[in-house]
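Enquirer: Sequence first, predicted coordinates after that:
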Amino acid sequence: MNVGRHGRVPTLVLGAGLNGLGVARSLSAAGVPVYLADTDISRPEMRTRHACKLRLSALYGEPLIRELTSLAETRFSGRRPVLLLTQEQTVRTLAAAQEVLRPGYRFLLPSSSVIETLMHKQGFNRLAAETGLRVPRTVHVRGEADVEAALLLSRTLIVKPALHALEYERYFRKAYRIESTDEARALLGRILAVLPDVVVQEWIPGNDADIRFCLQHLSRDGHATASFVGRKIRSWPPNVGGTASCTGAPEAEELSAVTERFFARVGMRGLAGMEYKRHAVSGEFIAIEPTVGRTDYQEEVSTLNGVNLPYAYYCSVLDADFRSCGRAGAPMIWRDRQADRQSSVHPEQTVLGWPEGHGAVRDALWRGGDPSPWLATQWRRAMRKGGSICHRIFPGLQVL
């Protein structure tokens, strides 16, 4: 079998950002040669020494399939790299084109129908009901006729798209927490004009510190070969945004079995994760939403705590054994420094005074042995700030 450098099969990671950077570092730490691909190779994360950068014209749709097919016949001829995905649109594209790509690549995904059902909020809720997984009460809103029913769920509501869609993301935030029925009605009207596929959920009492998540890799027979349970510390924006900082949650290890059981029953295979929220009154863990077919934004927190999930996936695809080393002592903290700083000063933020006593912190961008992504980010910020100052002083100045 022909392999990559170091005599090992290489991995092609599709999508950079902090997610892709963490994946590249995780795989490189296990001795796996990594190609990190994105449409913008000038991104700071592409400067990592842990991967060879590769420019793509697209990360989803037919252009991606054509480009991957071409790469399989040229740069990766005879090597069949392991494909690892970091973005939802990429997952949907590849899930629908598995037979086309298998001759040139190795990967583990369930059928496209399983992916589409789990990614859609209504489909996920149906599977949750069939398997007994507790989820928030939800109303699927496709038009004005559904709005009033949604407003009856609870006083505080969460509004978000039923399926991640580019037309939604151009105009709206990831999710909204709404306290007023008038505000909710107005927001839904604006969203429905762009995307007639929205869900409204009841708000689960609690804050970001009540969020737990379980990241897993499931083998071809549905067994979790690796599993990690963590908890959020902060999100940005608070309560409805992405992870700003997180750590391990050994006290909630029971979520590992709950998550594995659900994914195995619905036919999920490969990388997956589930986010839960602990009800502030009842203490019950309620499943909020799954991540399927790709790594989670904060996936590297598992590697920092001794469970290298990207490498577990790599081993499984190659039918090789994976052994988790675990980690003794206080859990390690993963932090997106900029997002965490923004969140820490927000008036709704209730998690204060850390990381003292909570464990060592590893910055998502800065690493002493891999400083270039951080340095490139600082340079970009300095240039933007300098350009802004110049435009304020010299409004008519054209910067070349």
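Expert: Great, that's in hand.
Enquirer: my read is Val139 is in a helix, agree?
Expert: No. Assessed with DSSP: H, G, I helix; E, B strand; the rest coil, Val139 is strand; it does not lie in a helix.
Enquirer: Could you number the chain from 48 rather than 1 from now on?
Expert: Taking 48 as the first residue, the last one we looked at is Val186.
Enquirer: isn't it right next to Leu200, touching?
Expert: Yes. With contact defined as Cβ atoms under 8 Å, Val186 reaches Leu200; the gap is 6.2 Å. Yep, even glycine has a C-beta here, placed from its N, CA and C like the rest.
Enquirer: Overlap of the contact sets of those two?
Expert: Shared contacts of Val186 and Leu200 (Cβ atoms under 8 Å, 6 or more residues apart in numbering): 247-248.
Enquirer: Quick check: pLDDT value at Cys437.
Expert: Cys437 carries a pLDDT value of 56.
Enquirer: cool, and Glu191?
Expert: With respect to pLDDT, Glu191 has a value of 89.
Enquirer: again with Thr397
Expert: pLDDT recorded at Thr397 is 65.
Enquirer: Would you map the strands across the stretch 348-447 of the chain?
Expert: For the stretch 348-447 of the chain, the strands defined by DSSP state E, counting those that start in this stretch cover 380-382, 408-410.
Enquirer: care to break this structure down by domain?
Expert: Following automatic domain parsing, the chain resolves into domains at 52-154, 184-249, 255-410.
Enquirer: quick one, which of these is nearest to Phe171?
Expert: domain 255-410 (6.0 Å; Cβ to Cβ).
Enquirer: Pull the distance from that closest one to the chain's centre.
Expert: Offset of domain 255-410 from its chain centre (Cα atoms, centre = their mean, to the nearest Å): 10 Å.
Enquirer: first vs last residue of that domain, how far apart are they?
Expert: 19 Å (Cα to Cα, to the nearest Å).
Enquirer: one step back: mean neighbour count, the strands of the stretch 348-447 of the chain: which tops it?
Expert: strand 380-382 (a mean of 26; mean count of other Cβ atoms under 10 Å).
Enquirer: What helices and strands are in contact with that strand?
Expert: Other elements packing on strand 380-382 under the criterion 3 or more Cβ pairs under 8 Å, 6 or more residues apart in numbering; DSSP states H and E are strand 289-295, helix 347-351, strand 408-410.
Enquirer: Any chance of these in JSON lines with mean pLDDT and distance to Val328 as columns?
Expert: Below are those laid out as JSON lines (pLDDT from 0 to 100; distance: least, Cβ to Cβ, whole Å):
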{"stretch": "strand 289-295", "mean pLDDT": "94", "distance to Val328": "23"}
{"stretch": "helix 347-351", "mean pLDDT": "97", "distance to Val328": "28"}
{"stretch": "strand 408-410", "mean pLDDT": "95", "distance to Val328": "31"}
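Enquirer: which of the ones you listed sits most buried?
Expert: Sorting those by mean neighbours (by mean count of other Cβ under 10 Å), the first place falls to helix 347-351, with a mean of 27.
Enquirer: Alpha carbons only: can I get it in CSV?
Expert: Provided in CSV are the C-alpha atoms of helix 347-351 (Å, rounded to 0.1, in the frame of the first residue of the first chain):
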residue,chain,number,x,y,z
GLU,A,347,-9.2,19.7,20.5
VAL,A,348,-10.2,19.8,24.1
SER,A,349,-10.6,16.1,24.0
THR,A,350,-7.0,15.6,22.8
LEU,A,351,-5.7,18.0,25.5
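Enquirer: Contacts for that helix next, please.
Expert: So helix 347-351 is contacted by 68-70, 72-73, 76, 262, 273, 275, 277, 293-295, 355-358, 379-381, 409, 411 (Cβ under 8 Å, 6+ apart).
Enquirer: do the same with stretch 416-427
Expert: 68, 72, 91-97, 410, 412-414.
Enquirer: Glu336 in helix, strand or coil?
Expert: At Glu336 the chain is in strand, as set by three-state DSSP.
Enquirer: okay but it is in contact with Lys168, surely?
Expert: Yes. At 7.2 Å, Glu336 and Lys168 qualify as touching, with contact defined as Cβ under 8 Å.
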